[in-house]
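Participant: Provided below for reference: sequence and predicted model.
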Amino acid sequence: MQKCIFIITIFLVTASLFAIKCPNCNHENPDDSDFCTECGARLRFTLEVRSNPSGASFYLDNIFRGTTPFSIDNLMYGKSFVIRLEKNGFETYKTTWTAKIGISPDVQEITLKPASGTVVYEIGSEPTGATLYIARIKIGDTPLQGTHSPGTFEMKLEKKGYDTLKQDITLSSDASNKFNFNLERTMKKDNPKSRRILRYASVGFGALGIGSYIITMNKYNEYKDNRDPDKMDDLYDKANTFEGISLGLLGAGAVCLGLSFAF
Ligand SMILES: [Zn+2]
């Protein structure tokens, strides 16, 4: 009998440790409940944390969970949570927060304050995905939001296949500091590699053309001097063939040279 009471006590203590207390009616619910068995109140919720700007490190109860925007489910109503957001260039946001029944806690939207002495800027580009440098320091890929000390700085945007854009921007606490830049596609004639290849090819073809022309002239002279009628026809054919080849090579050289100006 005593043993039985002992087991029941253990069972009750364990049950109460893992039970979910309803924040609405204080009823103890089994730990896997989603709704209160007594009053029907929702016991768990999904929290979505968004920040402006996004991309902040999100910590819940001092444990890193992910980068904003971030959703975390299975949280219990009535419990207190410590929410912390960290982003480079911005002040750390920290709050202790209790989700109360009846207040929709599903979305927390947090605007981060720039670190003291800095201003927020927003830089975009068309097309996006250009690498941004401010004062020669690599910042990241567009579009992006960040903070910087106010002033005028050299800004550079780099993207493969587009002309590098370099200009001064002024960041100030009185301005919106929102910029959008159009990048120009790099023109093909600025492709020095293909131009160089074509010029080498034109010199090569030209040299071969001149070489075969010299051979042609030699064959022609041989033909002129030769009085053996059997050999004459053969040499005449050879001279003609070489003349054709040399003209073709010189033509190819001229085409390559012309193309090298077009690229
Ligand atoms: Zn309840």
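Facilitator: Thanks, I have the structure now.

Participant: hey, let's count contacts and neighbours off CA atoms from now on
Facilitator: Noted.

Participant: which SS class is the residue of the stretch 151-263 of the chain found nearest the ion?
Facilitator: Residue nearest to the ion within the stretch 151-263 of the chain: residue 176 (48.8 Å; C-alpha to the ion). Three-state assignment for residue 176 (DSSP: H, G, I helix; E, B strand; the rest coil): coil.

Participant: in what helix or strand does the nearest residue to residue 232 once chain neighbours are set aside lie?
Facilitator: Nearest residue to residue 232 in three dimensions, chain neighbours excluded: residue 223, at 5.9 Å (C-alpha to C-alpha, 6 or more residues apart in numbering). Using DSSP states H and E, residue 223 sits within helix 192-225.

Participant: return the set of buried residues in that helix.
Facilitator: By neighbour count on 16 or more other C-alpha atoms under 10 Å, the buried set for helix 192-225 is 195, 198-209, 212-213, 215-216, 219-220, 223.

Participant: hang on, residue 99 packs against residue 77?
Facilitator: Yes. With contact defined as C-alpha atoms under 8 Å, residue 99 reaches residue 77; the gap is 5.3 Å.

Participant: these two touch, right, residue 51 and residue 93?
Facilitator: No. Using C-alpha under 8 Å, residue 51 is not in contact with residue 93; the gap is 10.2 Å.

Participant: if I look at residue 126, how far off is residue 164?
Facilitator: Taking C-alpha to C-alpha, to the nearest Å as the measure, residue 126 falls 13 Å from residue 164.

Participant: quick one: the strands in the stretch 101-250 of the chain, in order.
Facilitator: Secondary structure of the stretch 101-250 of the chain (DSSP state E, counting those that start in this stretch): strands at 107-111, 119-126, 131-134, 137-141, 144-148, 151-158, 165-171, 178-182.

Participant: and those strands: which comes nearest residue 244?
Facilitator: Relative to residue 244, the nearest member of the strands of the stretch 101-250 of the chain by C-alpha to C-alpha is strand 151-158, separated by 50.1 Å.

Participant: in its sheet, what does the closest one sit against?
Facilitator: Strand pairing for strand 151-158, determined by DSSP bridges: strand 131-134 (antiparallel), strand 165-171 (antiparallel).

Participant: which non-adjacent residue is nearest residue 84?
Facilitator: Closest residue to residue 84 apart from its sequence neighbours, by C-alpha to C-alpha, 6+ apart: residue 94 at 4.4 Å.

Participant: need the three-state assignment for the one you found.
Facilitator: With three-state DSSP as the basis, residue 94 sits in strand.

Participant: report all helices and strands that the helix holding residue 223 contacts.
Facilitator: Where contact means 3 or more C-alpha pairs under 8 Å, 6 or more residues apart in numbering; DSSP states H and E, helix 192-225 is packed against helix 229-262.

Participant: could you list the buried residues of the helix it packs on?
Facilitator: Buried residues in helix 229-262, counted by 16+ other C-alpha under 10 Å: 232, 235-236, 238-239, 242-243, 245-254, 256-257, 260.

Participant: helices or strands up against it?
Facilitator: helix 192-225.

Participant: what pLDDT, on average, does the helix it packs on get?
Facilitator: Averaging the model's pLDDT scores along helix 192-225 yields 83.
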